[in-house]
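Asks: below is the sequence, then the predicted model.
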Amino acid sequence: VFSTDLLRVYYARLFPYDQMFQWLSYGNDPAKANENEAIDKEYFYKREISFTLENDIYIRFLSFRNVEEMKAEIQKKQPHKIDIGAVYSVSPRNHSTVKSTAIKALERELVFDIDLTDYDDVRVGCTPDMMWEKHSWLYMSVAIRIIDRALREDFGFEHLLWVFSGRRGVHCWVCDSRARTLEDRERTAVVQYLTLITGSDGSKAALSSPLHPSIQRALPMLEDVFERMVCSADGQDLLADEQRWERVLAFIPDETIQERLRKAWQSEPDSTSLKRWKQLRDTVRDAAKKQKGMAAQALRNALHTIIIVHTYPRLDVNVSTHRNHLLKSPFVVHPKTGKVCVPILDVENCDSFDPDGVPTLATLIDELDSRKRSDDESTMDVIKSTGMGPYIEGFEKSFLKPLFRAIRQEFHDANEKRAAETADW
């Protein structure tokens, strides 16, 4: 699955150094500093990168002046993992020679980490060691669609990069300049806005009455996944037996309804989870219509809470709220699975993304070994002839191209402002 020999070939022939540099420098290429006054030639040099080497040797506070330096160090050190950190006030490699107060995180993409492990308490059809069985990818795909839509529609962000983590989750990088310069408290506010699951056991949802428009918008997507995966016999089979259904019945704030459903399900042991869910839903809805005020609202919220607790995105708060937090780089190889951390390019149709079908270190090297080599082929010709091709092309077209349109406009505006401020009136 993973070997240092194969990794050496990957870093030599397949890792997209140029594209990664283009992204992380945001147009601040030191080689072009003389062409544009808006370029900060030290920008990339002030970005922290960390390596995890073989035997879990961890090296922080790395930084590189240009893509050539980054490439040389990666090929020399052969990291099993690469993490990306903040852009600091001074180069991180000088952290030991300056006062701690002089080094400050100035910029960092707004990032989100969603891990399948955080759903273990509701993945009742799976054991903790299981990964994408029982349609579990739908936890990630609905999270991607909900978070992506909220970030775009509610916050106005445009440049989002979703990446498969290589094993058990997904990462989101929000790369708008406005997102990169958010203070920690502002990042915390965004995360709080996107967080609904509460309680130490993840059994509560922070719902308002009436429901917030963002939750109203998300509910149809959540209900679809709840019925297709959480309640399906080949999914989590949520109401398959008494132990499972008792946990769900506890959400209903009316013991009479609980008992009525309990007896009905006990009398039909061969009934399906989906049928039981629809029976619960219809029973609670009918009861809510007969109630008024808070009692009616409590019943309606009980249905929403059941769906949300079992399907709503669960974010790793600490990853998002602190600018100095590092996150695994796209396009690295996960050492436990051998899978490449590829971008998820079609957010609207991410249900169809197959986490077990992404390129692996072994399959990519096999592809390299089986292809004919040409003396005049470029590195990108090689990359795009393998299973990495669609992901690199999509990264360039869907992410880098629109991002650089925005960067060029920002540089133009900065130069215009500078010209206006320095004009001799």
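Replies: Okay, I see it.
Asks: just the strands in the stretch 101-250 of the chain please.
Replies: 105-107, 110-115, 160-164, 169-174, 197-198, 204-205 (DSSP state E, counting those that start in this stretch).
Asks: could you export these to JSON lines, including columns for distance to residue 330?
Replies: Bear in mind the C-beta positions are built from the backbone N, C-alpha and C, glycine included. Conversion of these to JSON lines gives the following (distance: least, C-beta to C-beta, whole Å):
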{"stretch": "strand 105-107", "distance to residue 330": "18"}
{"stretch": "strand 110-115", "distance to residue 330": "11"}
{"stretch": "strand 160-164", "distance to residue 330": "5"}
{"stretch": "strand 169-174", "distance to residue 330": "8"}
{"stretch": "strand 197-198", "distance to residue 330": "27"}
{"stretch": "strand 204-205", "distance to residue 330": "32"}
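Asks: minimum distance to residue 366: which of the ones you listed has it?
Replies: strand 160-164 (20.5 Å; C-beta to C-beta).
Asks: then the closest one to PDB, C-alphas only?
Replies: Provided in PDB are the C-alpha atoms of strand 160-164 (Å, rounded to 0.1, in the frame of the first residue of the first chain):
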ATOM      1  CA  LEU A 160     -13.400  26.900  -1.900                       C
ATOM      2  CA  LEU A 161     -11.300  23.800  -2.300                       C
ATOM      3  CA  TRP A 162     -12.600  20.500  -1.000                       C
ATOM      4  CA  VAL A 163     -10.100  17.700  -0.500                       C
ATOM      5  CA  PHE A 164     -10.400  14.000   0.400                       C
END
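Asks: tell me the helices and strands packed up against that strand.
Replies: Judged by 3 or more C-beta pairs under 8 Å, 6 or more residues apart in numbering; DSSP states H and E, strand 160-164 is in contact with helix 137-153, strand 169-174.
Asks: what does the longest one contact?
Replies: In other words, helix 137-153. Applying C-beta atoms under 8 Å, 6 or more residues apart in numbering, the contact partners of helix 137-153 are 112, 114, 116, 119, 123, 157-158, 160, 162, 169-170, 172, 174, 193-194, 214, 217-218, 221-222, 224-225, 228-229, 235, 311-315, 344, 347-348, 350-351, 353-355.
Asks: which of the residues you listed are buried, as a ChimeraX select command?
Replies: Command for ChimeraX that selects the buried part of those, burial taken from 16 or more other C-beta atoms under 10 Å:
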select :112,114,116,119,123,157,160,162,169,170,172,174,194,214,218,221,222,225,229,235,311,312,313,314,315,344,347,350,351,353,355
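Asks: how close does residue 30 sit to residue 60?
Replies: Distance of residue 30 to residue 60, computed by C-beta to C-beta, to the nearest Å: 23 Å.
Asks: more neighbours: which of these two?
Replies: residue 30 (17 against 14; other C-beta atoms under 10 Å).
Asks: so what's that one up against?
Replies: So residue 30 contacts 39, 41-42, 44-45, 65-66 (C-beta under 8 Å, 6+ apart).
Asks: need these in a markdown table with distance to residue 241 and secondary structure, can you?
Replies: Putting the contacts of residue 30 into a markdown table (distance: C-beta to C-beta, whole Å; DSSP: H, G, I helix; E, B strand; the rest coil) gives the following:
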| residue | distance to residue 241 | secondary structure |
| --- | --- | --- |
| 39 | 63 | coil |
| 41 | 64 | coil |
| 42 | 62 | coil |
| 44 | 56 | helix |
| 45 | 59 | helix |
| 65 | 61 | coil |
| 66 | 60 | coil |
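Asks: now do the contacts for the spatially closest residue to residue 223 that is not a sequence neighbour.
Replies: Computed as C-beta to C-beta, 6 or more residues apart in numbering, the closest residue to residue 223 that is not its neighbour in sequence is residue 307, at 5.9 Å. By C-beta under 8 Å, 6+ apart, the contact set of residue 307 is 219, 222-223, 226.
Asks: look up how far residue 141 lies from the spatially most central residue of the chain.
Replies: Taking C-alpha atoms, centre = their mean, the centroid of the chain lies closest to residue 171, which sits 2.2 Å from it. To residue 141, residue 171 is 14 Å away according to C-beta to C-beta.
Asks: what of residue 324?
Replies: In this view, residue 324 and residue 141 are 30 Å apart by C-beta to C-beta.
Asks: and of the helices and strands packed on strand 160-164, who's closest to residue 332?
Replies: Of all those, strand 169-174 comes closest under C-beta to C-beta, at 11.4 Å.
Asks: how far does the closest one sit from the chain's center?
Replies: 2 Å (C-alpha atoms, centre = their mean, to the nearest Å).
Asks: what's that strand in contact with?
Replies: 109-117, 140, 143-144, 147-148, 151, 157, 159-165, 327-328, 330, 341, 344.
Asks: the residue nearest to residue 223 looks like it's in a strand, true?
Replies: No - counting by DSSP: H, G, I helix; E, B strand; the rest coil, residue 307 is located in no strand; its state is helix.
Asks: quick one: it from residue 222, how far?
Replies: To residue 222, residue 307 is 5 Å away according to C-beta to C-beta.
Asks: could you do residue 197 as well?
Replies: In terms of C-beta to C-beta, residue 197 sits 12 Å off from residue 222.
Asks: overlap of the contact sets of these two?
Replies: What both residue 197 and residue 222 touch, as defined by C-beta under 8 Å, 6+ apart, is the set 308, 312.
Asks: start to end distance for stretch 204-218?
Replies: 17 Å (C-alpha to C-alpha, to the nearest Å).
Asks: out of the contacts of helix 137-153, which are inside helices?
Replies: Judged by DSSP state H, the contacts of helix 137-153 include 193-194, 214, 217-218, 221-222, 224-225, 311 as members of helices.
Asks: show me what contacts residue 168?
Replies: By C-beta under 8 Å, 6+ apart, residue 168 lies in contact with 115-117, 131.
Asks: residues contacting the spatially closest residue to residue 82 that is not a sequence neighbour?
Replies: Nearest residue to residue 82, sequence neighbours excluded (C-beta to C-beta, 6+ apart): residue 329, at 4.3 Å. Counting by C-beta under 8 Å, 6+ apart, residue 329 makes contact with 20, 82-84, 341.
Asks: narrow those to those in strands?
Replies: 82-84 (DSSP state E).
Asks: ok, how many other residues are close to residue 15?
Replies: 23.
Asks: ok, residue 137 to residue 342 distance?
Replies: To residue 342, residue 137 is 14 Å away according to C-beta to C-beta.
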